[in-house]
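J.: Quick one: sequence plus predicted model below, questions after.
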Amino acid sequence: MIFGGALFSSCGPLRKASADKQHKKPLVISTWNNHEANNVAWKILRDGGSVLDALENGIHIPENNPDDTSVGYGGRPDRDGFVTLDACMMDHLGNAGSVTFMSGFKNPISVARKVMEETPHVILSGVGAEQFALNQGFEKIKLLTTDSKKALEEWKVKSKYAPVINSERHDTIGMIAIDKDGNLSGGCSTSGLAYKMRGRVGDSPIIGAGLFVDNDIGAATATGLGELVLKTLGTFLVVELMRGGLSPQEACKQAVLRIANKYGGKDNQVGFIAIAKNGDYGGYSLQKGFQYIVHNSDEGELFNSASFYS
């Protein structure tokens, strides 16, 4: 909505993001307008809770929402009708856990955390990830909802694989946070591209692609067409650019420029968000329309990302 020339959203003023923001800590930032998820995470950090608890409980919000067709329960299936989920988590010590191609469990972020904390591995996939989840006490459920099944049947009429830029929050929630002591962690969860080929895994559960954390430098997460992020190891690149002295905003921009210069990407979307060790944050995307939300107080701010293509 527009009031007196200013853009407003349900969580306050909607701002055009063009530079790095405040140094306040703690801070939570996530892709798209995941206001409730971000707010849940923020309150845990505000009250002295752990970063990992904040991330996990925040990401549960879209994972548990059947109306969010890009994450968790209710996620859009592959073209064969199977809902397969991916997620990862990385903490300030450099530990990481991930699940890919997992069916039957609506909170893959929690399973990814268990992989990080309870196994010597980083990635568990498919039936192995599912067996691990059962062993850890997670409840198996049917992920394909009536609405998602109906949408699949409508898609099959033409069976045209053509993801729409910025639709359905583009298949990911990526969330990164810094606590009051300056420790960084991150999480990422997705059901992947709707009507993908069976077995496809995108960038979201891959450390260095969909998420990367280096507690000495900063953290970054990505959203959009995962294949482009995978080919450039986008979040690792963002953090390394920050290591070289770039701000989070400029590092995200340079990672997007890398994709644009190598692959074009005019018909696709990729967005990055990042936090530096000092609490600066920023975001940048290929196309306009990417948004990210920030809490470093009880009122969240929704930002329109600056973009390469206008």
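T.: Okay, I see it. Residues are numbered from 1 along each chain as shown.
J.: Assign a three-state SS to the closest residue to Tyr263 other than its chain neighbours, would you?
T.: Once flanking residues are discounted, Tyr263 sits nearest to Leu228: 5.7 Å by Cβ to Cβ, 6 or more residues apart in numbering. C-beta coordinates here come from the backbone N, C-alpha and C atoms, glycine included. Put simply, Leu228 is helix when judged by DSSP: H, G, I helix; E, B strand; the rest coil.
J.: residues in contact with Leu228?
T.: Shown in contact with Leu228 (Cβ atoms under 8 Å, 6 or more residues apart in numbering): 234, 259, 263, 265, 268, 270.
J.: cool, Gly264 as well?
T.: Taking Cβ under 8 Å, 6+ apart, we find Gly264 in contact with no residue.
J.: Secondary structure class of Leu124, three-state.
T.: Note that with three-state DSSP, the state of Leu124 is strand.
J.: Count the residues that sit near it.
T.: Neighbour count of Leu124, defined by other Cβ atoms under 10 Å: 24.
J.: now the helices: where do they sit in the chain?
T.: 35-46, 51-63, 108-118, 126-135, 146-156, 226-232, 234-243, 248-263 (DSSP state H).
J.: Of all the residues in the third one, which ones are buried?
T.: By neighbour count, and taking 16 or more other Cβ atoms under 10 Å as the criterion, the buried residues in helix 108-118 are 108-116.
J.: How about the last one?
T.: Buried residues in helix 248-263, counting neighbours by 16+ other Cβ under 10 Å, are found at 248-256, 258-260, 263.
J.: of all those, which two lie farthest apart?
T.: Maximum pairwise distance among these (Cβ to Cβ): 22.7 Å, between Pro248 and Tyr263.
J.: how about the helices of the chain in JSON lines, adding distance to Val83?
T.: Listed next are these as JSON lines, based on distance: least, Cβ to Cβ, whole Å:
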{"stretch": "helix 35-46", "distance to Val83": "20"}
{"stretch": "helix 51-63", "distance to Val83": "12"}
{"stretch": "helix 108-118", "distance to Val83": "11"}
{"stretch": "helix 126-135", "distance to Val83": "13"}
{"stretch": "helix 146-156", "distance to Val83": "7"}
{"stretch": "helix 226-232", "distance to Val83": "17"}
{"stretch": "helix 234-243", "distance to Val83": "25"}
{"stretch": "helix 248-263", "distance to Val83": "28"}
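J.: closest one to Lys25 among these?
T.: Among the helices of the chain, the nearest to Lys25 by Cβ to Cβ is helix 35-46 (8.9 Å).
J.: Grab the CA positions of the closest one and hand them over as CSV.
T.: Extracted in CSV, the C-alpha atoms of helix 35-46 (Å, rounded to 0.1, in the frame of the first residue of the first chain):
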residue,chain,number,x,y,z
HIS,A,35,7.6,-11.8,9.1
GLU,A,36,6.2,-14.3,11.5
ALA,A,37,9.2,-16.7,11.2
ASN,A,38,11.7,-13.8,11.7
ASN,A,39,9.7,-12.5,14.6
VAL,A,40,9.7,-15.9,16.4
ALA,A,41,13.5,-16.2,15.9
TRP,A,42,14.0,-12.6,17.1
LYS,A,43,12.1,-13.1,20.3
ILE,A,44,14.1,-16.1,21.2
LEU,A,45,17.4,-14.2,20.7
ARG,A,46,16.0,-11.1,22.5
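J.: Contacts for it next, please.
T.: By Cβ under 8 Å, 6+ apart, the list of residues contacting helix 35-46 from outside reads 10-11, 26, 28-30, 50-51, 53-55, 57-62, 173, 175, 177, 179-180, 293-295, 298, 300, 302.
J.: For Lys277, which residues are in contact?
T.: 178, 182, 184, 215-218.
J.: and it, how far is that from Lys266?
T.: Distance, Lys277 to Lys266, by Cβ to Cβ, to the nearest Å: 34 Å.
J.: rewinding a little: quick one: closest of the helices of the chain to Ile206.
T.: Ile206 sits nearest to helix 226-232 of all the helices of the chain, at 6.5 Å, using Cβ to Cβ.
J.: quick check, distance from that closest one to the centre of its chain.
T.: A distance of 14 Å separates the centroid of the chain from that of helix 226-232, by Cα atoms, centre = their mean, to the nearest Å.
J.: which parts of it are buried?
T.: Neighbour-count burial for helix 226-232, counted by 16+ other Cβ under 10 Å, picks out 226, 228-230, 232.
J.: Any idea what Leu124 is bridged to?
T.: Beta-bridge partners for Leu124, by DSSP bridges, are Val99.
J.: wait, it sits on Phe105?
T.: No. Judged on Cβ atoms under 8 Å, Leu124 makes no contact with Phe105 at a distance of 11.8 Å.
J.: quick one: common contacting residues for those two?
T.: Residues touching both Leu124 and Phe105 (Cβ under 8 Å, 6+ apart) are Val111.
J.: who are the neighbours in contact with Gly74?
T.: For Gly74, the contacting residues are 65-68, 143, 145, 147-148, by Cβ under 8 Å, 6+ apart.
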